[in-house]
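>>> sequence first, predicted coordinates after that:
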Amino acid sequence: MKKKVIISIIVLLLILLGGAGTYLFLNEQKQSKFEALLNSAEKFMAAKKYEEAKSVYKQALDVKSDDKVNGKINEIKQIEDSIKKLDEVQKILDSGTVEDACIAIEKITYKSKDIDERVNNLNDKIDEKKKIEEQERANNEESSSHEIIGVGGIRKMEHPCIGSSDAEGVENELREFQQHIKVFRVSLGTKSYNIATSNPPIPPAAGYRPFQSFLKACVSHFVQVRNDLNPENMKFDAIVCDGSFYINVIDGKTIVYSCAFDLYSDVIMMYYSNK
């Protein structure tokens, strides 16, 4: 009887030892696979192949749950998000404004050597674009300061305010003019002029000035600028375009004077004269 008990105990011990050995062997295999996956993921990270690294880290989690691996996956997500934002900053720099680029780059909060390096490079590009834009503004201001102020303190243009001054352009304008020609009498002090004009339809919007007030302002300025020409011998071609009102004065087939108004005011904004 005692012999049978002893044998049973020995068999049970052998089973337990075998089971423990199998568990240890399988656990060692699992750990080896886990570590191999981690090593592979780290190599992808070093090569900046973040999508591949994330995939291998997820495989490692299937083998064994690990907080550090979860942390690595979250880190990769932050890196990928930062890279996306960096690409957006570059697109803004290529086609947008410096201000928009500055706002976009401030949204990048993740810190790493690679990300910081790209942020620094983009900041250098932003500074360079700032200098270019500041120089362009300075050039524009300098150009504006050299604008020609003509008769009546009005800005003088180098070309007609609207339309083309070449022969073909003027001929096209004259054909349109002949289809809508009217004669208005314009009184300036003690003088009156019969003015041939095209009288375009001004939209009936509240606040728009009537056509005659624009014509009178134009003739008044014209006789000051071009006192060598008789306004009654000219063609005053009036044009409404994009919320503005223009009059080209044509002598024969040449635009000799041109002026521009805002439709809400009969004050001349700018003018052209070929003399």
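Arrived safely, thanks for sending. Only a predicted model underlies this, so the values are computations on that prediction, with no experimental measurement involved. Numbers count the residues shown, from 1 in each chain.
>>> what about the strands in the stretch 151-275 of the chain?
With DSSP state E, counting those that start in this stretch as the criterion, the stretch 151-275 of the chain has strands at 155-157, 182-188, 191-197, 235-241, 244-251, 254-262, 270-273.
>>> and these as TSV, adding mean neighbour count and distance to Lys33?
The C-beta positions use only the backbone N, C-alpha and C, and glycine is treated the same way. Shown next, in TSV, are the strands of the stretch 151-275 of the chain (neighbours: other CB atoms under 10 Å; distance: least, CB to CB, whole Å):
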stretch	mean neighbour count	distance to Lys33
strand 155-157	15	80
strand 182-188	13	95
strand 191-197	16	92
strand 235-241	20	76
strand 244-251	23	77
strand 254-262	22	78
strand 270-273	20	80
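>>> export the ones you listed as a markdown table, with columns for mean pLDDT.
Shown next, in a markdown table, are the strands of the stretch 151-275 of the chain (pLDDT from 0 to 100):
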| stretch | mean pLDDT |
| --- | --- |
| strand 155-157 | 88 |
| strand 182-188 | 94 |
| strand 191-197 | 95 |
| strand 235-241 | 89 |
| strand 244-251 | 92 |
| strand 254-262 | 93 |
| strand 270-273 | 94 |
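>>> got TSV for these, with distance to Ile105 too?
Listed next are the strands of the stretch 151-275 of the chain as TSV, based on distance: least, CB to CB, whole Å:
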stretch	distance to Ile105
strand 155-157	40
strand 182-188	60
strand 191-197	57
strand 235-241	42
strand 244-251	40
strand 254-262	40
strand 270-273	41
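>>> of all the ones you listed, which one comes closest to Asn172?
The closest of the strands of the stretch 151-275 of the chain to Asn172 is strand 235-241. By CB to CB, the value is 10.8 Å.
>>> pairing partners for that closest one, with directions?
Strand 235-241 pairs in its sheet with strand 191-197 (parallel), strand 244-251 (antiparallel), by DSSP bridges.
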